Each structure stands twice: as C-alpha cells, then as structure tokens.
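Asker: For reference, the sequence and a predicted model appear below.
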Amino acid sequence: MAVVATLTRRSLRARWIRFLLTSSAVVLGVAFVVGSFVLADTLRKVFDSLALTVTRDVDVQVRTLDPLASGTGTGGTTDPGGGVVPPVPASLLDELAAVDGVARARGDLSAFVSVNAPDGRLVDPGGGAPVVGIGWLGPDPTIRQALELVDGRAPRGPDEVAIDTTSAKAFDITIGDTVTVRGVAGSITGTVVGTITLGDGGGGAYYAVTDQPTAQRLFGLEGQYQSITLNAVEGVTQSELRDRVAAVLPARYEAVTGQQAGEEISESFGQFVDVFRTALLVFAFVTLFVAGFLINTVFTTTVGQRVRELALLRALGARNRQVTVSVLAESLAIGLLAWGVGTVAGIGVAELIKQLVISQGGGFPDRPLVLAGRTWLISFVIGVGITLAVSLLPAWRAGQVPPIAGMRASWSPSPTRIVRRLVVGSLVTVVGAVVFLAGLFADTGGTASRLGLLGGGALLVFVGVTALSPLLARPAARVIGWPFERIFGASGRLARGNAARNPRRTASTAAALMIGVALVSMVGVVGASFKASISDQLDQGITADWFLSSEAFYGFSPEVAEELAAIEGVDRVATFRTGIVRVGEDTKTIAGVQAVGLDRIVNLGIEEGDVAAIPDDGLVLHRDSADDLGVGVGDTVTVRFPVGGARDLRVVAVFATGVGGLPNWIVNHDLFAVGFPAESQADTFGGIALEDGADRATTAAAIEAVVARYPEVELQDRSTFKANQEGQIDSLQVIVNGLLFFSLVIAVLGIAITLALAVFERTRELGLLRAIGQQRRQTRRMIRLEAVVVALFGAGSGVVLGLLFGLAISSALPRDIVSVISVPWSQVVGTLVVAAVAGVVAAILPAWRAGRLQILDAIAHE
Amino acid sequence: MTLPPPAVGAAARTDGASKVYGTGDTQVVALDAVDVAFDRGRFSAIMGPSGSGKSTLMHCMAGLDTLTAGHTWIGDVDLTTLGERQLTELRRDRIGFVFQAFNLIPTLDAGENITLPLDLAGRDVDEAWLDTVITTVGLGDRLRHRPNELSGGQQQRVAVARALVSRPEIIFADEPTGNLDSRSSADILRFMRHAVDDLAQTIVMVTHDPVAASHAHRVVFLTDGRIVDEIVNPTAQAVLDTMRAMGD
C-alpha cells in the first residue's frame, strides 16, 4: 500500500525530533541487553579457551571419585557433591606409568596461595581473582604444556619461584627478587628465577610456580598429588587410553579424557558467567520495561492529537486496517532504528568495559568481542518486538477513529469505564502480589523458578498499579499541587488543574518514574535492613573485640589462631573454616570451630545443651536444621565427609540465633581436620576476645605484631568491622542503583517528551492565557510546576510500592541475614526531592517553548 | 424559467431520517423525520441557521454518521443496511468530500492530496481526467506545494479537485466557503457550478451564506431538524428573505 508508506514516511520526517527521542528510550534498553550478552559471550570464550589451554597437555586425567557424589546418576551425569576431592597417592603414578599406551605420567599439583612482593605488598590480581600455586616439572619440548617459560628458567629446590608475567609487571617484580609464597600448609621465601605465562593472559588470575616437592609441602600434600595426567603414545586416542587405564584402576578412582576434563572446567566457569549475565539481563529488562511504557504513552498521546487527520483519512475512504498499519509502520521505524543504534551502542559499551578492565590490570586478553548471531536476533526481537507490541493498542484505536471525529469538535476517544479499570487493575495487582509472595515464601525448588516468580509477580503488580493509577492521579495531583497553589498562586492553581485534568496521561507519564523509584526504594529497604541487622547482631550476638578475616582467596593458616591464643591478654580466639558434607540426600555447609571458647566469642542463643566444650563426635545445630531433621540434644545424625566417609555424630547443642556467615552445622576443628583434605584446612573468619581486666592497648599491639607476619589476614576492631560491613552493602547498593540509572533516565526523558506533547496540544489554550495577560515567566512556571506534580506523583507511588516490596523481601530473608527491618527514611525523602528536581529538569525545554509561543498564531492553531 | 429535466433517479434521498442524541432530559433531536431528495446533475444547497441540523443531515446522507431512525440512499443503496467496511468503501468509491477546514493531509503535497482517495482504493488514475480537473481548478503550477504553502482558497481548490478526480456519484460539500474571502468564495462556487453544468457532476452543499446558496439550482431550508421550505433557481435576495422569515 504505497500511500500508507508515503503517509508514514512523511509523518516521521515531519516529527523527526520526537521520533529520535522516543527511539532513544528503546536504544538504551537494547544496548543494555546487547552489552550483557556480548560481555558474557566474550567471557565465556575466554574461559573456554583457558580451559582448553589448561588441558591441552592432558590426554587422560586420573583422580579420586567425589566421595560426596550421590551414586553414579542416570544418563551418565553424576550429582556432584560440590565438595573437595581427596588427593591420589604418589604410588599410583608409578602404577599408571606402566600401563600400555602411556607415554608419560605426571602428578598435578595446584592450589590457591598468597604471594608477597619484595616490598611486602600482597600480590593481588583484584576483582576477586585468585593466585594459583603450581608444582611444575619444568619445560618439556616433547609435549605441549599449558605453562610456558617466558624468561629465566624453571624453579628447582625449595628456594626458587617463578611468577607470571602479568603480576611481575603489575608489582614490579623482576628475576632475582625475593618473594614469599604461602600455602595452606606452609610457606617459603624464595628467589624469582623465571617468569611464565599460562595460556592467553591466564583468565585474570596470577600464578606462582615452584618445583613439585616444594608445592607438595606448601599444599600439605606430601606423598600425594591432586590428580595424575597421562599422555598417550603416538596412535593411541584419548578414549582408548582412558579405557585401558580404567581397567586397572581401583574402584575409588576414575579416569576421564582430557577433553572431558576441559569440558568440566568450561562448565563450572560457564555457570558463573551465566549468573553474571542473568543479573545484568534483569536490569536490562527493567530498562526495557520502562522504555515500553514510554513508547506506549507517546503513541497514545500522538494518536489523540492526530484525530482530525485520521478522521479525514477515514472520511476519504481509508479502511481501519490502513490507518492502523500506518501507525504500526511508524512504530516499526522507531523499533528498527532502536535496534540498529542500540546494538552498535551495546557493542561499544562492552568494548569500553573490556578496555577498562584491561587498563586496570585485570588479566583479560585483548581479543575481539564475541557477537553471536543469536545476540543480533535477540536484540531485534526485543527492540522491534517491544516497540510494536506496546503500540498495538494505540494503533488499533487510531484505526477505530470514526470520520465524524474530524467534524465534531467535541468528539474524544471514549475513556475506559472507571469500574472496568478498577476491577481489572485490582485483579492484576492482587494476582501479581500473590505470585510475588509465592516466590518469596513458597518452596519452589530452584533459584530459577523463584526468580521467575518474583520477576513475574513484580511485573504484574507494576502493570496493575499503572492501570489503577489514573484513578489515583486526579486526587493525588490535587493533593500534591495544593502547596504549589499556596506558594505560587495562579500559576500553581493552573498547574495543579492541568495535572489533574488528564489523569490518564498524568498516570502513564508518571508510571515510568514509578517503576524506577520503586526498585531503588526496594533496594534501599533491603539494604537498610541488612545494615540494621548487622548492627544488631554485632551489638547483641557477637562479643568479640577484634575480628580476623582473610584477604587471600582461600583463607588464612590455622597457625594464626594458635599464635594469637598464646598472647597474654587474649582470653579466647575462635576461628572457623567451612566445608561441604552430605546428610542423607542433601548437601550442607558445615563449620569447624575451636572445641572450647566458641561461646565467649559469639552469643548463639543456645536453647538446648551447651557449647562450652564440643567433643570430637559432637554436632551443634541451628534450631531450623534440627527441626527439619526432627532431632534434639542427644540424638544421632549420620554425616558423610569427603575424607573418611560417613560418621555418626551426637547432637550436643541447639542454637537459635544465626550469625551472618556462620553455617547452621558446627563441629570442632579436630573432627574437621580429619574429615576434610589439607586444602580445606584454612580459616576464613575469626574473633578475638579480650580477657577481663587485661590492658586493651598492650594486647592490641601484641595482636597486631602477630598479624603483621601474615599479610593475608586482616584485623579489625569492632567499629571498623561494622563500618566495613556496612560499607560493603553501600557499595553493592551503589552498583545496583547505577544499573537502575538508565531506567530513571528514560523515565525523566518520558516526562519531558509527554510534557512537550502536552504543550503542543494545549497551544491554543496557552495562547489564550498569554493573550489575557499571563507573563512568559508565569507560563514557564506553570509548565514546570505541572512537571513537578507529575514527577512527585510518580515518585510517591514508586516509594510506596518499593517500600512494600522491600519489606516483603526483608521479611522473607533468613533471619541470620536480616533480623531487623529498617526503612531508610532519609533516602525516601531524598528520592522525592530528586524526583521533584528531575521534574524541573524535564520541563526546561517544554516550558521555554511554551513561553515563546506567538500569541496570535497560538490562538489560531488548529 | 424552467430547468432541463434532471437525470433519471435521485442521486441521494432520505425517508424519515431521524437523529437523536442523548437520553431522557438531555435528549437532543438533531433530525426529525426528514424526507428529502437531491437530483442527479444538479447543484443543491441545504440552508439553515446554526443548530438546524443541516450538517447532521449531510453527515448522515454521506455515510459519515448513522441515523437513529429512517433510511437514506445513495442512488439505490440504502446506507442503513451497510456495515462499517461497506460504508468506508462507499465513501471511497462513490462519494466526494469538501469540508470547511482541514481538508488536506498536511504531510502530503497538493498533487498527492488530489489523488489520495484513488491511492487508498488502489485504483489507477485516469490521467486525462486528472489533467482536466487540475486545469479546471487552475492549480497546474502548485501541485508540489504542501498545504501550509497554499492560501485558503487554493487549499479549497485542491479539495474540490480531489472530490472530482474519483468521478463520484455525488459530492458533499460542508460549508466550503466558510473560511474564505469573497473572491476565493466566488471562484470555488463557480468551479462547483461548472462541474455540475459541464462535467456532469452532482453536488450537495451545506451553507449558511445566501450568496453561496444562490449559485445552486435549488435550495432547501432546514429548521430544528425539519425541512420547512425550498426555492428553485434562487437569487441571493430570495434566499435572504426566506431566512429572515424563518427567523420570525
């Protein structure tokens, strides 16, 4: 239909500014989605390539079966125990080397370590990445190895170390310097004799390489290896070799091909990347949701303004469908532009982030970004699809305009009846609330389904409240506008009236802001409750005077606790380390603590039994866990450990007060030491209690002296610790708010656009006001105030919604994380103030144009 | 003076046409059982004071609005039996329109506005006829101009050309000279009369201007939704006298 195409083209060109502005809303959403996918895909590729590199010299890998895996599973998948796998004895190496088809056999040794540069600084890759220690046999020209020597030579003996080139550059370490390498079971001070590189930048981690005997000592694996790598002779495939090896392996070991080992590594990285991407996509989705609202509002308003033109077309014989198609064609154009620009912008942002990470020293290889075909398709579907979807209703309405509408000045589209809006809106809101609450409190059997319920429920609530809000808009606008009328007189009264006059438009303009503010408020409530709970727990639950935490990836050595306990003035030291065990079909996190003294550091709220001295077969349970199992003090529970298998433990105490971070299952250190392999024997957290009457300052000095020798340990007193915890939550909140920022930008943009449309629509009325004596200044003020009223309405309803969501979430979180619910009133007030300012900003251009109207032209405007 | 006999059959007629708005106390009777017929090949005018229902009558006869009672025909097609889609097609293919204001799509130029009904129908333009029409209204040099680049009179001429181009059975004009100065008005009215006399069109015009009405072959007078009088071969004076008498 050529004429429809012509009409669409001309219409777009005539209103090109509005076309661009509306399109930009969707651009932001599309860019966000594309950026998330591109970053995640690229990360995935980097990790996949790393996995390949690390296993490129592996034909067959032999390791102990995960003792916590439940059975062998069906269809070839095992249910992973999630815990650590015990090492293999070195003797196995000789046995396997003798198998027919094995060209060579090597033991694998790698574990997390911490390294100190010559100047004492902790060598930290940043971004949570670890330093990996490797026991290396040295370069071997006959096989392709993951490690490559770049400079110098491989380390030999207990005094030599090689480090990777990235950390060497970042921390100014050269060959000949002295560094300290600390593993979970020991430490060495050695000379750097060479630099190495692992694959293509090492995936962000740093590496410290020693010879194998030294590594075994560092990791507590004397006479053992973590696994054994076999290389096949020429002509034997990986699977063939695997089968031959499996035939001679004792039952508690397994052999997998190098390819499978690589896939396993990829898989575990992949899960992390997926979580990262899902988090980003949630925010992208919010942005798109808000953009969709904006487009719908703009289209509804512009269709309303073009009624005469549409009526003329209908009078001349255009069918409903032709008119609807022409409106949809405009929407399609917006969507296509948004798709194109948004995709490019998303790639640009991803590239920017990548370069940022590289410049900060993160080991990200400067490889091109991955732009999968799937990403183009997704961005097309959302960019074009969402734009079309939200303009369907306005387009259909446009087609329904009767020709008579152009002739009778009093015609206006019939408003949805109030009763119907009330019923439908309330229904949707209630259904949404139920779904949301189900996501919080019901047993859904999976994080994915839980998130789905939460997200879907929130969405429905937003849609329902938006449908209801025109009913609220009129009275709300009158209430909010009242002070403006008091202060600003006539301009205020007019502004108040204008906002109340078209409740549908006021409500849909405000809706976008409402959603953004609701999310920010929700995060605010949860964050404030978090902080209040920590404060509460600290004040009541934890009696320690100092806290120990680990800066290194794996924790700190148990030696630290021993040394500290020996200091005069220290009453008790309690540290704990965690691991995973199996109870029946479930995996549980279990903590190992000092047998004596736990109650001096933490007030657990013991309900039954006591923890004064936890025996070696003793188990301490949280009330919730005890109830789940239906046990109490004196009962026996069978727990399966990675080392030594199942053990019967006796419940010696049940406690009620959880402390954030402390698992619900507790045993003493000695049991933990025999139940878990060496690499788990690192403390992750601890507390120090001062002896009654001891001198605080002296004791503190002694403690600090000890801690200074262990750079991976961080010591904090109560107030610093509290501030630190709160600071972490604040940082998280800042990040979340940053991600929500785009939605807020779109919302403010929405207010600006609809205000501009409203000014255009009321041209004659504004001209009339100016003709009878309103000053330009007063006109501008009137427009500004109207924007503020709308913005406050949106922010106000957003705050109420957000508080409700936040309170619901805070109530649903387990009590050891959130025990106190707190509303950040100052943030609430701040949000409203910012919203008002945003309204003023949004109104700048429309107000200026309103003030500049030529009176006579305005009055004569059609 | 007698007129040549009209072409066979009425171009448009009504039988008991009624249009009522609202209910109960706020009820307004716009048309009250109107019976009227307009001949083919004639220029007819409907006159009346504000609120007489003349625009409503025209809207209903043109398929722009629906009657609450009675029937109306274009040729022998009863509009009250047609559905929305058929009415639209009727307007597109068999009726031409000239309105008082906002006649043209602002984003299309004059030439595109003229051929708009044909384009909407997907029909080919008869080039020879198009040239005749454009020459008749004298717009040859303005075809690429947008409506906002044309004067009021020129815009109305575009609208008249559009109405003529699709060769409709009947053209309805709603106060076509309402916004024009006397010279442009006279031009438009002359075009319309010329279209009827020489190009075999049928035009029904709603107006409140006696001078405009005097260009028509016949004028019917409407008051409070009813036909009260009519004049054949009117002069402006006769029309004025009749209007004045109606007002007493």
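Answerer: Great, that's in hand.

Asker: contacts, neighbours, all on C-alpha from now
Answerer: Noted.

Asker: Report the backbone C-alpha coordinates of stretch A:157-171 in PDB.
Answerer: Coordinates of each C-alpha in stretch A:157-171 appear next as PDB, following Å, rounded to 0.1, in the frame of the first residue of the first chain:
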ATOM      1  CA  GLY A 157      64.500 -26.700  45.100                       C
ATOM      2  CA  PRO A 158      62.800 -25.000  48.000                       C
ATOM      3  CA  ASP A 159      64.200 -21.600  47.500                       C
ATOM      4  CA  GLU A 160      63.100 -20.900  43.900                       C
ATOM      5  CA  VAL A 161      59.900 -19.500  42.500                       C
ATOM      6  CA  ALA A 162      58.700 -18.400  39.100                       C
ATOM      7  CA  ILE A 163      55.800 -16.000  38.600                       C
ATOM      8  CA  ASP A 164      53.600 -15.000  35.700                       C
ATOM      9  CA  THR A 165      54.500 -12.000  33.500                       C
ATOM     10  CA  THR A 166      51.300 -10.000  34.300                       C
ATOM     11  CA  SER A 167      51.800  -9.900  38.000                       C
ATOM     12  CA  ALA A 168      55.600  -9.300  37.600                       C
ATOM     13  CA  LYS A 169      54.700  -6.300  35.600                       C
ATOM     14  CA  ALA A 170      52.000  -5.100  37.900                       C
ATOM     15  CA  PHE A 171      54.000  -5.400  41.000                       C
END
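
Asker: Now it: buried residues?
Answerer: Judged by neighbour count using 16 or more other C-alpha atoms under 10 Å in any protein chain shown, the buried positions of stretch A:157-171 are A:Pro158, A:Asp159, A:Glu160, A:Val161, A:Ala162, A:Ile163, A:Asp164, A:Thr165, A:Thr166, A:Ser167, A:Ala168, A:Phe171.

Asker: same check, this time on stretch A:500-510
Answerer: Buried, per 16+ other C-alpha under 10 Å, within stretch A:500-510: A:Ala500, A:Pro503, A:Arg504, A:Arg505, A:Thr506, A:Ala507, A:Ser508, A:Thr509, A:Ala510.

Asker: near chain A, which residues of chain B?
Answerer: Counting by C-alpha under 8 Å from any C-alpha of the partner chain, the residues of chain B close to chain A are B:59, B:64-65, B:85, B:88-93, B:96-97, B:102-105, B:107-108, B:116-117, B:119-122.

Asker: tell me the centre residue of the chain?
Answerer: I'll assume chain A. A:Ala279 (4.5 Å; C-alpha atoms, centre = their mean).

Asker: my question was about chain B
Answerer: B:Phe172 (1.9 Å).

Asker: picking up where we left off before, quick one: which of the buried residues of stretch A:157-171 is nearest to A:Gly335?
Answerer: Using C-alpha to C-alpha, A:Thr166 comes nearest to A:Gly335 of the buried residues of stretch A:157-171, at 44.3 Å.

Asker: what's the single longest helix in the chain?
Answerer: Unless you meant another one, I'm taking chain A. In chain A, with assignment by DSSP state H, the single longest helix is helix A:258-305.

Asker: Please refer instead to chain B.
Answerer: Max-length helix for chain B by DSSP H is helix B:182-199.

Asker: got the contact list for it?
Answerer: B:41-43, B:136-137, B:153, B:156-157, B:160, B:177, B:201-203, B:212, B:215-216 (C-alpha atoms under 8 Å, 6 or more residues apart in numbering or on different chains).

Asker: Among those, which lie within helices?
Answerer: Reading helices off the contacts of helix B:182-199 with DSSP H, I get B:Thr136, B:Val137, B:Gly153, B:Gln156, B:Arg157, B:Val160, B:Ala212.

Asker: ok, the third one - contacts?
Answerer: This means B:Gly153. Neighbours of B:Gly153 in contact, by C-alpha under 8 Å, 6+ apart: B:Leu180, B:Asp181, B:Ser184, B:Ser185, B:Ile188.

Asker: Hmm, A:Gly839 is touching A:Leu749, no?
Answerer: No - taking C-alpha atoms under 8 Å as the definition, A:Gly839 is not a contact partner of A:Leu749, at 9.8 Å.

Asker: Fine by me, we can end here.
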